[in-house]
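> Predicted coordinates and the sequence they were generated for:
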Amino acid sequence: MKPGVGSIVIAVCLAIAGVLTGASLGVDFVTPAQLFGALVDSITQPQPDIISWRLQRVVGAFFVGFCLGIAGVIFQGAFRNPLAEPFLLGSAAGGSLGAALAILLPTAAVSSVGLPVMAFLGAWGATLTVLGISRFAKIDDAAGMLLVGIAVAALLGATRSMTTLVLSDETVSLQAMLSWTLGSLQTPMGATLALFGVLSFALLAVSMFLAKGLDILGFGEPTAQTMGMDVARFLGVALTIGALTTGLAVAWGGVLGFVGLVVPHMVRWWVGERHGPLLVHSALIGGGLLAALDGVSRALIPPSEIPLGLITAFMGAPFFLLLIVRRYR
Amino acid sequence: MLTRRRFLSGSAALAVSCGSSANAFAFEDALGNEIVLPNLPRRVITINSAMIESVFAIGAGQQVVGVGGKVMHPPEAFGLPSVGGAVGYSAEAVLALKPELVVMAVSTSAAAQLTRPMKAMNVPVFLASYSDFPSILRYIGLLGPALGRSQQAEQLVQNMQAQTVQLRQRLQDRPRLRVFLETGAAGNAAFQTVRRGHYANDSIYFAGGENVFSDLRGPKQVTVEGIAAADPDKIVVLTSDPNWTSQTIAQRPGWHVLRAVREGNVVVLPRSFMLVPGPRQAKAISILAHAIHPEAFAQ
């Protein structure tokens, strides 16, 4: 389908459908009419209401998926590899280390910062480290940065494992740590949710400035250079914005695999290769998908919550295998 | 709930006979393995806080020559030679202390790392196993014959049982309150809890409560929505974070929807005390009872 107003309207409708599905599912099923009634009630006569909590949680899930969709497009474009995902440059390992410190080290300093901020600092810091080392080593191609990313992720992963082992005993919950790494929607509410939404849209707007460069990079680094692009500089800027977007998603959603990989792919089949439309559609579809899956995670075995990362992995891994088979056959 | 037969199984285990042959010292561990030693073990290594507490509580502390894992209680155990901890356990460090018996719990990393090397080096191992409250009584009861402290172990088990019975009598006129026990939190996303089969589930029952999630089928974690649907009368949060209070818990995003929060029925207790499956569980149950039914202990 050719991207345009029509495709954006469809993507918005799918996103709204995803949010409504997520908000309807849970410990108890709520019809859209009941949802609307609760929304009106919460505006006219504010009172404690679980549907209001659920709506805010699902909107939070939407923005996590929204950011992962954007980051997936940026990383796949920057690495010119459709199998790239947002966690390539160490953000998952860094975010996990930040979360491990927040959960396992209950000191006043860590508590005052809070888990989402610690996870964000870890994810963001890890990618900045990769980019810093790449710049220091004068690495100007995506493949070299990828290798640095693998090494930094391995180092941070080992540090997290060591931290977990050293700090774990009866006084802390390893189950909580495991839960975070399997995907963990932090349920931002009120002003925090609004800030998350504003930042998500701001990052989409900023990433749109990368679209043309990512299109040019698609012709290959040598071609891009002959077209006047400073590839190393562009990659640094693109990956910094991609990492910022990933860090925001990690802060509020934990490590949710496959969303940033699968969604841009599906959208690419739909609206084509140009990165402008790809970014907008991936953000909306990623958001809608994660909002709906959050509902599934709360509704499958109520009142237990299945970690969202398990659901994205169960759905995303077979899709990933399909991509690999299609690519190599 | 606990059946009378299961509850008494701890006492029944004390009937394990000592001495299967004239000069040997024989006993059984919690997995049913029969262990035969030439005589009473006087050099014992005990690993993980619950085992350390149990061995000292039955009066066998003098026999302990080494410990492993985090030592939390009693103070007499502090400073004993260590054979390892969370990062790993050293078979060489164990052997260097020339133990006649190693006591550890089957579900720990110590057991995974040390059981096979100890078997290869002919060092006897007592494996404890615990899940619910009766299983704690059972392994403590079995430790008695293993360490030549049958009478003390039996007395400890009886005391622990008696304390729960006293609590039950004290609370018999009180309504059984529905309790949500939070054992961990992944930020504000999911909250970990326990279900039937865990000793903390039994602790809630003995303390005059009823675990709202005792029949949880899926992962042992719930969201605010799940807690709201269960509608507990009381919320007990176990943490080691010194900054957590009932006020900070009440201020968690979305928690205002919970009736227990609105009515001020949130209590924060130390995780490190409440979740050690050893002899101090009786005290932990008492603390929980005070938290769930403070009015019963007001006078």
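That came in fine, so what should we check first?
> what's the burial count for the residue in chain B that chain A sits nearest to?
Nearest to chain A, among the residues of chain B, is residue B:184, at 2.5 Å (C-beta to the nearest C-beta). Backbone N, C-alpha and C define where each C-beta goes, glycine included. Other residues near residue B:184 come to 24 when the count uses other C-beta atoms under 10 Å in any protein chain shown.
> And the nearest residue to it once chain neighbours are set aside, how close does it get to residue A:102?
Spatial nearest neighbour of residue B:184, excluding adjacent residues (C-beta to C-beta, 6 or more residues apart in numbering or on different chains): residue A:173 at 2.5 Å. Using C-beta to C-beta, to the nearest Å, we find residue A:173 at a distance of 12 Å from residue A:102.
> what does residue B:267 give?
From residue B:267 to residue A:102 the distance is 23 Å (C-beta to C-beta).
> try residue A:196
18 Å.
> re earlier: next, the residue of chain B closest to chain A: phi, psi?
Torsion angles at residue B:184 (phi, psi; degrees, to the nearest 10) stand at phi -170, psi 160.
> show me the contacts for it.
By C-beta atoms under 8 Å, 6 or more residues apart in numbering or on different chains, residue B:184 lies in contact with A:172, A:173, A:175, A:176, A:179, B:191, B:192, B:238.
> wait, isn't the last one in contact with residue B:182?
Yes: under the contact definition of C-beta atoms under 8 Å, residue B:238 touches residue B:182, with a separation of 6.5 Å.
> So these two - more neighbours on which side?
Of the pair residue B:238 and residue B:182, residue B:238 is the one with more neighbours under other C-beta under 10 Å, namely 27 against 23.
> Could I get the contacting residues of that one?
By C-beta under 8 Å, 6+ apart, residue B:238 lies in contact with B:181, B:182, B:183, B:184, B:268, B:269, B:270, B:271, B:274, B:275.
> and the second one, what does it touch?
Residues in contact with residue B:182, defined by C-beta under 8 Å, 6+ apart, are B:191, B:192, B:193, B:235, B:236, B:237, B:238.
> ok, now with 10 Å
For residue B:182, the contacting residues are A:173, A:176, B:191-194, B:221-222, B:227, B:235-239, B:249, B:266, B:268, B:271, by C-beta atoms under 10 Å, 6 or more residues apart in numbering or on different chains.
> Need the phi and psi values for it.
Per degrees, to the nearest 10, the backbone of residue B:182 is at phi -90, psi 120.
> Retrieve the pLDDT associated with it.
Predicted confidence (pLDDT) for residue B:182: 96.
> beta partners of it?
residue B:237 (DSSP bridges).
> circling back: so which of residue B:267 and residue A:102 has more stuff around it?
Neighbour tally, residue B:267 and residue A:102, criterion other C-beta under 10 Å: the higher count belongs to residue A:102, 26 against 20.
> secondary structure element for the more buried one?
Using DSSP states H and E, residue A:102 sits within helix A:91-104.
> what does the stretch 1-150 of chain B put close to chain A?
Within the stretch 1-150 of chain B, the positions adjacent to chain A are B:48, B:49, B:50, B:69, B:70, B:72, B:85, B:86, B:87, B:88, B:109 by C-beta under 10 Å from any C-beta of the partner chain.
> As TSV, those with pLDDT would be great.
Formatted as TSV, these follow (pLDDT from 0 to 100):
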residue	pLDDT
B:48	91
B:49	92
B:50	95
B:69	90
B:70	87
B:72	90
B:85	87
B:86	79
B:87	81
B:88	87
B:109	85
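> Quick one, which of those residues are buried?
B:48, B:49, B:50, B:69, B:70, B:72, B:85, B:86, B:109 (16 or more other C-beta atoms under 10 Å in any protein chain shown).
> can you pull out the strands in the stretch 1-150 of chain B?
Along the stretch 1-150 of chain B, counting by DSSP state E, counting those that start in this stretch, strands occupy B:25-28, B:34-37, B:44-47, B:64-68, B:84-85, B:88-89, B:101-105, B:125-128.
> Would you point to the one among those that's packed deepest?
Highest mean neighbour count among those (mean count of other C-beta atoms under 10 Å in any protein chain shown): strand B:44-47, with a mean of 30.
> just how off-centre is it within its chain?
Here strand B:44-47 is found 17 Å from its chain centre; the criterion is C-alpha atoms, centre = their mean, to the nearest Å.
> Run me through the strand neighbours of that strand, direction for each.
Applying DSSP bridges, strand B:44-47 is found paired with strand B:64-68 (parallel), strand B:101-105 (parallel).
> could the ones you listed be laid out in JSON lines, adding mean pLDDT?
Below are the strands paired with strand B:44-47 laid out as JSON lines (pLDDT from 0 to 100):
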{"stretch": "strand B:64-68", "mean pLDDT": "96"}
{"stretch": "strand B:101-105", "mean pLDDT": "96"}
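> so what's residue B:203 up against?
Counting by C-beta under 10 Å, 6+ apart, residue B:203 touches B:132-133, B:164, B:179, B:181, B:194, B:209, B:211, B:236, B:274-275, B:281-282, B:284-289.
> Return the member of the contacts of residue B:184 nearest to residue A:11.
Closest approach between the contacts of residue B:184 and residue A:11, by C-beta to C-beta: residue A:179, at 31.5 Å.
> returning to that earlier point: pLDDT (mean, whole number) over the helix holding residue A:102?
Throughout helix A:91-104, pLDDT has a mean value of 88.
> centre of the chain versus the longest helix anywhere in chain B, how much separation?
As assigned by DSSP state H, the longest helix anywhere in chain B is helix B:150-170. Relative to its chain's centre, helix B:150-170 lies at 15 Å (C-alpha atoms, centre = their mean).
> any weak-confidence spans in the chain?
Since no chain was named, I'll use chain A. A:42-48, A:106-112, A:169-172 (pLDDT under 70).
> was after chain B, sorry
Low-confidence segments of chain B, defined by pLDDT under 70: B:1-23, B:299.
> circling back: now do the longest helix of chain B: which elements does it pack against?
Judged by 3 or more C-beta pairs under 10 Å, 6 or more residues apart in numbering or on different chains; DSSP states H and E, helix B:150-170 is in contact with helix B:4-7, helix B:9-12, helix B:49-57, helix B:133-147, helix B:199-206, helix B:281-292.
> now the angle between helix B:281-292 and it, please.
Here helix B:150-170 points in a direction 10 degrees away from that of helix B:281-292 (axes from the mean of the first three to the mean of the last three C-alpha atoms, to 10 degrees).
> Extract the CA atoms of helix B:150-170 and return them as PDB.
C-alpha atoms of helix B:150-170 as PDB (Å, rounded to 0.1, in the frame of the first residue of the first chain):
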ATOM      1  CA  SER B 150      17.100 -35.100  69.500                       C
ATOM      2  CA  GLN B 151      15.600 -33.800  72.700                       C
ATOM      3  CA  GLN B 152      16.500 -30.200  72.000                       C
ATOM      4  CA  ALA B 153      15.200 -30.400  68.500                       C
ATOM      5  CA  GLU B 154      12.000 -32.000  69.700                       C
ATOM      6  CA  GLN B 155      11.600 -29.300  72.300                       C
ATOM      7  CA  LEU B 156      12.200 -26.600  69.700                       C
ATOM      8  CA  VAL B 157       9.600 -28.100  67.300                       C
ATOM      9  CA  GLN B 158       7.100 -28.400  70.200                       C
ATOM     10  CA  ASN B 159       7.700 -24.800  71.200                       C
ATOM     11  CA  MET B 160       7.200 -23.600  67.600                       C
ATOM     12  CA  GLN B 161       4.000 -25.600  67.400                       C
ATOM     13  CA  ALA B 162       2.800 -24.300  70.800                       C
ATOM     14  CA  GLN B 163       3.400 -20.700  69.800                       C
ATOM     15  CA  THR B 164       1.200 -21.100  66.800                       C
ATOM     16  CA  VAL B 165      -1.500 -22.800  68.900                       C
ATOM     17  CA  GLN B 166      -1.300 -19.900  71.400                       C
ATOM     18  CA  LEU B 167      -1.700 -17.400  68.600                       C
ATOM     19  CA  ARG B 168      -4.700 -19.400  67.300                       C
ATOM     20  CA  GLN B 169      -6.400 -19.300  70.700                       C
ATOM     21  CA  ARG B 170      -5.700 -15.600  71.200                       C
END
